[in-house]
Structure formats: C-alpha cells, structure tokens
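> any chance you could fold what I've pasted below:
(2 chains)
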There are 2 protein chains.
Amino acid sequence: MNTTPLAPAILVLGPPLVFKAYETEFSKKFNFLKPWKTSIPLRQFISTHSATVKAIFCSAVSPVTAEIIRSLPELRFVLASSTGVNHIDLRECKRRGIVVANAGSTFSEDVADMAVGLLIDVVKRISAGNRLVKARVWPREGGYPLTHKLGGKRVGIVGLGTIGHHIATRLKAMGCIISYTSTTMKPHVTYPFYPRMHQLAANSDILIISCALTEQTHHMIDREVMLVLGKEGVIVNIARGAIIKEKELVECLVKGEIGGAGLDVFEHEPNFPEELFELDNVVLTPHHGAVTEEACRDLYDHICKNLDAFLSNKPLECEVIDM
Amino acid sequence: MNTTPLAPAILVLGPPLVFKAYETEFSKKFNFLKPWKTSIPLRQFISTHSATVKAIFCSAVSPVTAEIIRSLPELRFVLASSTGVNHIDLRECKRRGIVVANAGSTFSEDVADMAVGLLIDVVKRISAGNRLVKARVWPREGGYPLTHKLGGKRVGIVGLGTIGHHIATRLKAMGCIISYTSTTMKPHVTYPFYPRMHQLAANSDILIISCALTEQTHHMIDREVMLVLGKEGVIVNIARGAIIKEKELVECLVKGEIGGAGLDVFEHEPNFPEELFELDNVVLTPHHGAVTEEACRDLYDHICKNLDAFLSNKPLECEVIDM
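Numbers count the residues shown, from 1 in each chain, chains lettered A, B, ... in the order given. The predicted model follows:
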C-alpha cells in the first residue's frame, strides 16, 4: 500500500458512484487510495497514509469531518462528486486553506428533470396508477381519484441556483406560475421574489426545494411552513433531506395536512421514513436524480480535468466553494 | 321513464367520468337518459326511447355504433367527452348528417403533462425507484441502474395537433430535440417533419404518440417501427392504444428490443397487457391523463354550453369533427 512520492495520493471516500462506474479508467490516471477495499478501519487507514494524501475525492454521503481533515497534514484539495458539499467540514477547510470544489453544474439538468418528474408523478398519480394496474386492483376496483392540472399552479422555488433555474424554465413551459426565495434577490430575474420562506409558502401551491443545505437552510421547511402551504400543497425535494424537518413532514402527510410529496432525498439516508410507504400521494426515489449515464460520463471528465489541474498546479476548471 | 316532448332527450353512454362528477348539476339542466341505471338491456332501452333521443353524450370507451345510430331516427348530435372520436361510427353519422363534436382542447395540456410525466418516469425510473424503496428492497439490495438524461434526446412526435404541440413545448424546455410526423406538414412549424413513420423512428430516441386513431393510424406503430427505433428507444402513448400493435409492443419490451414504454392507453381497455406487469422499464396508467379536477370542471362547462347551443339551434362552440 506504499505510494511513490512521484504520484501524490488521492483518498477516495464513499466511493462515489462515478468512481465505481469508471474505476479502471480512473485508476490508470491517478494514485487513488481505496479504504473500502481493505479490512483496515478507516481511521487507521487514513493514519497510515497521512503523509501522502494531497486530495480527497468523496461521494455526497461520505462525511469529510474535521477529524479526517486534521489527520491529513498534506491535504490541499477536497473534490466532491456531488453538487451539495454539506458533508464536508467547510469551516475546517477554510481554516487550513484547503480548496473545496463540487461537481459544478454536471447534474443540474438531470436533477431539474427529476424534480419535474416527481412533481408530475405526485400531481397526476403516475406511480400510484402504475401500482394499481400492475397489482390488478385496476380495473377490478377502479376508484382512481381525479388528479390535478399543473398549468396555472403557483410554484415556489426554494433556492434559485442553476438547478432552480432549470426547474423554473421547465415548469414555465407547462404553464406554472413561478416565484422564488433565495438568500438574496437575483438580478435580471423576473420571477417574483419572496425574502421569507413563509411568504413563499403562502403564495404557492407547490414548493420545490433546490437550495444548498447550510446552517441557515437546515430544517427551514417545518410544520409551520407546511401548514401555510396548505392541505392541497405539494412539496418536492431534490436537494438535501435535512432542509425539511422530516419528522414534521411525515406527520403532515400522514394527517393529510399537506396534499402530497415527491422526495429524492432524506434526512437520514439511506433510511427512508417508513410511515410514508403506504401513501400513494407520496413518491420516494433513492437519491438518484443525478445518476444518469450521460451525467456520469460528464462527471468523469470533470473530475479528471480538475484532479489533473490540481496535481499540476494549474487553475481548476470547477467552481470552487466560497466559504 | 317517459320524457315530455318539451325536453328533448339526451342519451348518455358510458357514462363519462365528468357525468358522474357533475351528475346533479347536469340533471338540473338537461333531460338525460341513463341506461346504466336500469336493468333493461341497452338495445331495448334505446328502442324504448328511440322517438325522443335527439343527442348522445358519450365517454371515450362507449361505442356509438351504426346500429345504435340507425335505431335513433331523431338523432342529430353526438358529443364525446373525449378528444378522440374513434369509438363513434363517423361514416354513419356523415351519411345521416349527424354532427359529431368532441371535448376540444379541454384536456390538451393535461394529456401533454401526462406524456411528459410518463416519459420522465420511464427514463429516470421514478415508479421503479418508488416501488423498490417502498418494498424495502432499497437500500438492502441497492443495485439501482444508472438512468438516462433527457436533454439532447431526439423526440419524435407522432401527430402534431394541439396535444402534440404542448408536448413539444414542454420537452423543448427540457433540452430535447423535436421532430414530428403528421398527415401533412404543418405550416409555420420549424420542427423537422418526416412524412413517413419509419423515417421519424430512425431519427428518434423517443416516440410520443399523440395522433387520432383512424383507419390510417391503426396499428401504425408495429414491430418494424420499433426495431428501427432501437434497443434504447422509448415509446410513450397517451393517444389511443390501437395506434400501436400492442402484441408486438409487448414482444419487443419483453425481449428488450426497445428500451421502455410509458402507456396511458391500451388496445383492449380496460384490459392491460399482463406480460408487462413485471417490467420496471414500463409504466402503465389507467387512461387517466385527462381526468384532472380542473379539466373536469372545464369539460362540464364545455358540455353544457354545447348541449344548450344544440337544443336552442344556436352555433356550437366546440370543434366539429370533419368527416
């Protein structure tokens, strides 16, 4: 497991799905350390390689904690395979001058498509219909309820970044009325802006969560917001689970205090809120909005380019996280 | 069951879902005959009322046959609660000078949304993910395959009427590349036009069926078209089941000769092709693209206006079928 001083080591945590898909190609180019392939506990694995690890490449669900960062004195770069970097201790990185970068906009359109797909699915009960047909309940019992029109619905986008913009473009084409909240009002954006979450919820039939998970957005969507959204309201989350107080979301859905939800992310992944399994107005997908073959290919290129740039002291091509 | 000569009778066949939803309101306005509420066989029911029936109001799946038409000498108007009128014997109506009208564009946007929802669902495996999560297969076994990007995909629209146009607008906003086939090339439309189905299939990754079912389009999508579309190809049908040779579609899906399908309509409704029930790349919904609460409300208005117009000899507000 010794590495030569000529090939700086990159610690892979997760591993990210793109790493599994392109492991052979990746391994030809870089000196990757793969702790999951050994029986050594992670802490000990890291300590063994502490002198050589110059970079970390991590999945969306592998914590890069202050402890890990502190045990790697040569660490200069953390590259996430995801858009969100909430699993990385940004404070510790900042203190140490470690550069943090993400997948940029590689997935943005795919995730936006997922948001739209989840929304149509919930509103028009596609998964529910599919289940009823395949379970032979339909047409034996019939009784499929009327669904809802998307055109004319007021959609509040929570976080108008690249993904939020793509969602807005798609839903505008379907006749939805878009407004948004964000940390600041975006220049050159004509959609109405609500500075506060409650205002957005009060003026929306549908909320789509597409912001980063930060200390400010953690548990931002709580029961109070949901009650303001109302009994017919639908929530779609393709960002991070913990932006919603999941316990309160479950309660509101079970009690019928909101109308439905489409969720690709969860507060305690890979655990799902089992109370929702019986609800046909709730569609749950296993955090897979981003993982298309095409995005994986793009991500592979993105990762290679930026690790190459880092290792040869050239400017990174990815968006560096502003900490 | 006798009707007064002052209130011309309207025979309801089906009944259409909108009739069930608004039966009280409808019955206050019109003299509706409801054969499903009696134990009398339909033929006998019709013969009993043959002297008074001036109009028929029918669902999408209630045949208005030449036999029914011939047994109603006073019939002047057939109004469908659907967009498609393939269940009405148009030849016999034409011969008799009976006006046939449909739901117009009441449902167009809803059906277009359904097409987009089914497409995203198949391509991004939303119903499949939902099933795996709720059946607790995920994360226990994981193994969710990579899905596909919609942006950049070539979508061939079969029939660029109002619904087809709405589908095109939506998918263009998602970065798809649109082309179409139709009985004639549409003026003022910039999407590439392929006069022949095979050409469209050869130049598409996805086919969306949104044309009327006619003698010309019956079984137009056969195994040959599907093989041209190819192993990764996806077919979405929100029009009428019999436009596709369902038996050959089932065969192609089971053998993996095409990539997947999203189907809201079937050749032998209310029967579904059971061979597809085990396939996660096939999403089946029970012909419910159109039935939103909002469209039902609009349809109720549309039906009332046009029955009123017919009964008072005023111009119809709906699109009359050109026979």
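> give me the number of residues near the closest residue to A:N86 other than its chain neighbours?
Nearest residue to A:N86, sequence neighbours excluded (Cβ to Cβ, 6 or more residues apart in numbering or on different chains): A:L213, at 4.0 Å. C-beta here means a position set from N, CA and C on the backbone, and glycine is covered the same way. A count of nearby residues for A:L213, using other Cβ atoms under 10 Å in any protein chain shown, gives 20.
> same check on A:D222?
Residues near A:D222, counting by other Cβ under 10 Å: 15.
> how about A:H287?
Neighbour tally, A:H287, other Cβ under 10 Å: 23.
> right, and it touches A:D264 too?
Yes - between A:H287 and A:D264 there is a contact under Cβ atoms under 8 Å: 5.7 Å.
> by contact count, what packs against the host helix or strand of A:T169?
Using DSSP states H and E, A:T169 sits in helix A:162-173. If contacts are counted by 3 or more Cβ pairs under 8 Å, 6 or more residues apart in numbering or on different chains; DSSP states H and E, helix A:162-173 sits against helix A:108-124, strand A:154-158, strand A:177-181, helix B:162-173.
> contacts for it next, please.
Applying Cβ atoms under 8 Å, 6 or more residues apart in numbering or on different chains, the contact partners of helix A:162-173 are A:83, A:105, A:107-109, A:111-113, A:115-116, A:119, A:150, A:155, A:157-158, A:160, A:178, A:180, A:182, A:191, A:208, A:210-211, A:238-239, B:169-170, B:172-174.
> tell me which of the helices and strands packed on helix A:162-173 sits most buried.
Highest mean neighbour count among those (mean count of other Cβ atoms under 10 Å in any protein chain shown): helix A:108-124, with a mean of 28.
> around chain B, which positions in the stretch 201-323 of chain A sit nearby?
Contact residues (Cβ under 8 Å from any Cβ of the partner chain) of the stretch 201-323 of chain A with chain B: A:270, A:272, A:277, A:283-286, A:288-289, A:291-296.
> buried among the residues you listed? Make that a ChimeraX selection.
In ChimeraX, this line selects whichever of these come out buried by 16 or more other Cβ atoms under 10 Å in any protein chain shown:
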select /A:272,283,284,285,286,288,289,291,292,294,295,296
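> widest-spaced pair of the residues of the stretch 201-323 of chain A next to chain B?
A:F277 and A:E294 (31.0 Å; Cβ to Cβ).
> my guess is A:L160 contacts A:H188. True?
No - under the criterion of Cβ under 8 Å, A:L160 is not in contact with A:H188, lying 11.4 Å apart.
> any regions of chain A where pLDDT drops low?
Along chain A, the model assigns pLDDT under 70 to residues A:1-6, A:142-143, A:319.
> how is it divided into domains?
Using automatic domain parsing, the domains assigned to chain A come out as A:9-106+A:293-311, A:108-284.
> tell me which of those domains sits most buried.
domain A:108-284 (a mean of 20).
> and the residue lying farthest from the centre of chain A, helix, strand or coil?
Residue farthest from the centre of chain A, counting by Cα atoms, centre = their mean, is A:R140 at 39.5 Å. Three-state assignment for A:R140 (DSSP: H, G, I helix; E, B strand; the rest coil): coil.
> wait, what's in contact with A:L279?
By Cβ under 8 Å, 6+ apart, the neighbours of A:L279 are A:L253, A:V254.
> distance of A:K94 relative to A:V78?
11 Å (Cβ to Cβ, to the nearest Å).
> hmm, A:I208 is touching A:V155, no?
Yes - counting by Cβ under 8 Å, A:I208 does reach A:V155; the two are 6.3 Å apart.
> residues in contact with A:R76?
A:K54, A:A55, A:G97, A:I98, A:V99, A:F310.
> again with A:F310
A:K54, A:A55, A:R76, A:F77, A:L79, A:V99, A:L316.
> could you check the angle helix A:108-124 makes with the helix or strand containing it?
A:F310 belongs to helix A:293-311 when assigned by DSSP H and E. Between helix A:293-311 and helix A:108-124, the angle formed by their directions is 150 degrees, by axes from the mean of the first three to the mean of the last three Cα atoms, to 10 degrees.
> nearest to A:I321, of the helices and strands packed on helix A:162-173?
Among the helices and strands packed on helix A:162-173, helix A:108-124 sits nearest to A:I321 (Cβ to Cβ), with 15.8 Å.
> which neighbouring elements make contact with that closest one?
Right, helix A:108-124 is packed against helix A:162-173, strand A:206-209, strand A:234-237, strand A:260-263, strand A:282-284, helix B:108-124, helix B:126-134 by 3+ Cβ pairs under 8 Å, 6+ apart.
> reformat these as TSV; add distance to B:V250.
Formatted as TSV, these follow (distance: least, Cβ to Cβ, whole Å):
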stretch	distance to B:V250
helix A:162-173	32
strand A:206-209	36
strand A:234-237	33
strand A:260-263	29
strand A:282-284	26
helix B:108-124	16
helix B:126-134	18
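> out of these, which is closest to A:I40?
Judging the helices and strands packed on helix A:108-124 by Cβ to Cβ, what sits closest to A:I40 is helix B:126-134, at 32.3 Å.
> could I get the closest one in CSV with only the CA atoms?
C-alpha atoms of helix B:126-134 as CSV (Å, rounded to 0.1, in the frame of the first residue of the first chain):
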residue,chain,number,x,y,z
ILE,B,126,-39.3,7.0,-10.9
SER,B,127,-42.1,4.5,-10.4
ALA,B,128,-39.5,1.7,-10.2
GLY,B,129,-37.5,3.6,-7.6
ASN,B,130,-40.7,4.3,-5.6
ARG,B,131,-41.5,0.6,-5.7
LEU,B,132,-38.0,-0.5,-4.6
VAL,B,133,-38.0,2.0,-1.7
LYS,B,134,-41.5,1.1,-0.5
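> what angle do that helix and helix A:126-134 make?
80 degrees.
> what are the contacting residues of helix B:126-134?
Residues contacting helix B:126-134 (Cβ under 8 Å, 6+ apart): A:114, A:117-118, A:121, A:126-127, A:130-131, A:272, A:277, A:283-286, A:288, B:120-121, B:137-138, B:144, B:280-281, B:283.
> now find how far off-centre stretch A:238-253 is within its chain.
Mean C-alpha position of stretch A:238-253 versus that of the full chain (Cα atoms, centre = their mean, to the nearest Å) differs by 14 Å.
> gap between the two ends of it?
18 Å (Cα to Cα, to the nearest Å).
> please apply the same query to stretch A:247-261.
For stretch A:247-261, the first-to-last residue distance is 14 Å (Cα to Cα).
> I'd say A:I10 and A:V53 touch.
Yes - in this structure, A:I10 is within contact of A:V53 by Cβ under 8 Å, at 7.3 Å.
> if we can go back for a sec, what angle separates the helix holding A:T169 from strand A:177-181?
Using the same axes, to 10 degrees, helix A:162-173 lies at 160 degrees relative to strand A:177-181.
> next, the angle from helix A:162-173 to strand A:154-158.
Inter-element angle recorded for helix A:162-173 and strand A:154-158: 170 degrees (by the same axes, to 10 degrees).
> before we move on, back to that, quick one: common contacting residues for A:I10 and A:V53?
Joint contacts of A:I10 and A:V53 (Cβ under 8 Å, 6+ apart) are A:L33.
> many thanks, I have nothing further to ask.
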